[in-house]
Structure formats: C-alpha cells, structure tokens
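In: Just to be clear, the model below is a prediction. Sequence and coordinates:
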Amino acid sequence: MLVLNKQFFVDSLLSMAELAEEQRDHWTKLDSDIGDGDHGINLSIGFRAVAKQLETLDFESTDIASLYKKVGMTLLSKVGGASGPLYGSFFMKAGTHLDGEHEVDFKQFTQMIQDGVDAIAFRGKASLGDKTMLDAFLPGLEVLSHSDLENEPLASFEAFVARMKLGSDETIPLICKKGRAVRLGERAIGHRDPGSESAWMLMNVYLEQLRKIV
Ligand SMILES: [Mg+2]
C-alpha cells in the first residue's frame, strides 16, 4: 500500500499556506456575500503562522502526531472567526492516533481525514445541508469509504476531492442553518458557502502532493 512520509505532510502544509495566500481575496469575497468577510484573511493569517512554525521544526524528532498537534494549536490560537477553531480541531484530531509515527499508509491517511472531519462536526454541531464545510466533507468521505484505497489510492482521492467540490457547489441554493449567516434567511440562496470552498481546495492540496509521489 502507498506510504506517506513526514515530508509529504510538511510539503502539504507549506502548500496549503501558499494556497491560503493565493485564495485570500476569493475566500474573503465569498464570506463577504453571506458572512463577515473574514474567512480569507483568517486562513491566510493562520497558515502563515503554520508556515513560520515549520521553518523551526525539528524535523527528525517530530512525529506526525506532534506535527499535526502543533498545526492545530496554531490555527486555534491565531485564527479568529469560525474557521480557526474548526480547521484547528481538524488537524489536532487528525494526528491523534499517530504518536511515534513518522509515516502512514494511505488507509491511515484517509482515517486521519475522517477523524479530523469528525472533530469539525463535533465542534461545529452542524449537519449535512446546513450550508457549511461539512456539505463538502461528508459526501466526499462517503465516496472515499466506497473506494479501493489499497489498489487505487490516487483515483480514490481524486474522487474524494471531486465530490467535495460538487458538495461545495451544492451549498449555493441552500439557506444557512449554522453561523452568523442564519439571520440572512433566503438571502443566502445563490451564494456558495466559503468554508465548503476552502475545504475542498485544502484537500486538493493533498491531491496535488499525492500526484507527485504516486
Ligand atoms: Mg467569517
């Protein structure tokens, strides 16, 4: 089975930081349409702090659990709004079972994402159809759960990200049932949920890194 080493995770995190800079204005625009307009700024601040932290990382001695815990703590402490705590929880929880591990197989990697999304669901108390990032994550994970992880890791992950992207599209006609945008009621219809957009794009970073090694 495909094995992912620590460098894969560090490269992915650095690439997520680049993405957050590139997409800052786009994510902010989406959040301005139906929220308080801070989504892009928050994530760029958060991932900038993550990238800075990686510069001083003791690579040899850091296992995946502590790497992800550090990232999660940084996002939790540096980022305001809803997205910092949610993505912070994602990374904190994703590494939970990986004490002492310096590489994981592809199945463990998908379990990391599942664990992280469980943490987002627990913290955000949202469900499918509430017009949140879970509308991208949950259908994506459903596709992943029926994929051939052992033999087709890349195709599995491509299908995961594609379904997440579609899930983000599917938030456009919805009204918000979580967060400040609830008060907009039907005025939210016609606007994409910003968290669903950043969610699939961040997972797409893993896909791009996978394509480099598979
Ligand atoms: Mg916001």
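Out: Here it is on my side, so go on. Residues are numbered from 1 along each chain as shown.

In: Every contact and neighbour count from this point should use C-alpha atoms.
Out: Noted.

In: so what pLDDT did Arg183 get?
Out: Listed pLDDT for Arg183 reads 88.

In: my read is it is in a helix, agree?
Out: Yes. Under DSSP: H, G, I helix; E, B strand; the rest coil, Arg183 falls within a helix.

In: residue contacts, the residue sitting furthest away from the middle of the chain?
Out: The centre of the chain is farthest from one residue, Glu186, which by C-alpha atoms, centre = their mean lies 27.1 Å away. By C-alpha atoms under 8 Å, 6 or more residues apart in numbering, the contact list for Glu186 reads Ile175.

In: nearest residue to Trp27 other than its sequence neighbours?
Out: Nearest non-adjacent residue to Trp27, counting by C-alpha to C-alpha, 6 or more residues apart in numbering: Gly40, 4.6 Å away.

In: Next to the ion in this structure, residues from the protein, please.
Out: Taking C-alpha under 5 Å from the ion, the part of the chain that reaches the ion is made up of Asp36, Asp38, His39.

In: buried set for stretch 164-184?
Out: Under the neighbour-count criterion of 16 or more other C-alpha atoms under 10 Å, stretch 164-184 has 164-171, 174-178, 181-182 buried.

In: what do you get for stretch 115-126?
Out: Buried residues in stretch 115-126 (16+ other C-alpha under 10 Å): Asp115, Gly116, Val117, Asp118, Ala119, Ile120, Ala121, Gly124, Ala126.

In: can you check stretch 89-97 too?
Out: Buried residues in stretch 89-97 (16+ other C-alpha under 10 Å): Ser89, Phe90, Phe91, Met92, Lys93, Ala94, Gly95, Thr96.

In: In CSV: the residues you listed, plus pLDDT.
Out: Output for the buried residues of stretch 89-97, formatted as CSV (pLDDT from 0 to 100):
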residue, pLDDT
Ser89, 97
Phe90, 98
Phe91, 98
Met92, 97
Lys93, 98
Ala94, 98
Gly95, 97
Thr96, 95
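
In: Which members of those residues are positioned in helices?
Out: Ser89, Phe90, Phe91, Met92, Lys93, Ala94 (DSSP state H).

In: just the helices in this protein please.
Out: Remark: helices assigned in the chain by DSSP H are 6-22, 24-34, 39-55, 64-78, 83-94, 106-124, 134-145, 153-169, 194-213.

In: now, of those, which is deepest in the fold?
Out: For the helices of the chain, ranked by mean neighbour count under the definition mean count of other C-alpha atoms under 10 Å, the leader is helix 83-94 at a mean of 25.

In: from the buried residues of stretch 164-184, which has minimum pLDDT?
Out: Ala181 (80).

In: That residue against Asp33, yeah?
Out: No. Counting by C-alpha atoms under 8 Å, Ala181 sits too far from Asp33 to count as a contact (9.6 Å).
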